[in-house]
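Colleague: no sequence on this one, just coordinates:
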């Protein structure tokens, strides 16, 4: 039995267009708690291909453009894991909540030494 929610579903963006981004979109389509409304890619063609395939309105040819997109409430860092730290810090720097689907950094030292407090 589905329960009612008092908040609207989260509007997600994916950073990347690979397998993990597809998995996130597929998983969100199974529940009514969120939907993918934006995609950011390093390639304009890749962003458009992904968005056309999944019916996504907001397509951006950079990750920075997506984390600054007002129509996106949160992003998923669906990039290869060596990029997660930079992706997460980019989103945090734009006050955009971020879900990192694997390790935040390649090791503890990189995570500890890369943290910049957000004011």
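Modeller: Received, thanks. Predicted model only: the values in this text are computed from it and were never measured.
Colleague: what residues sit buried inside stretch 36-44?
Modeller: In terms of neighbour count (16 or more other CB atoms under 10 Å), stretch 36-44 has its buried residues at 36-41. Every C-beta, even on glycine, is put in place using the N, C-alpha and C of the backbone.
Colleague: what do you get for stretch 21-40?
Modeller: Quick answer for stretch 21-40 (16+ other CB under 10 Å): 21-22, 24-25, 28, 34-40.
Colleague: just to revisit the earlier point, the buried residues of stretch 36-44 in strands, which ones?
Modeller: Using DSSP state E, the subset of these located in strands is 36-40.
Colleague: still on that earlier bit, I'd like the buried residues of stretch 36-44 as CSV, with pLDDT and distance to residue 73 appended.
Modeller: Below are these laid out as CSV (pLDDT from 0 to 100; distance: CB to CB, whole Å):
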residue, pLDDT, distance to residue 73
36, 94, 11
37, 96, 9
38, 97, 10
39, 97, 14
40, 97, 14
41, 96, 19
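Colleague: name the next helix or strand downstream of the helix or strand hosting residue 59, please.
Modeller: Using DSSP states H and E, the element containing residue 59 is strand 58-60. Next along the chain after strand 58-60, taking DSSP H and E as the criterion, comes helix 63-67.
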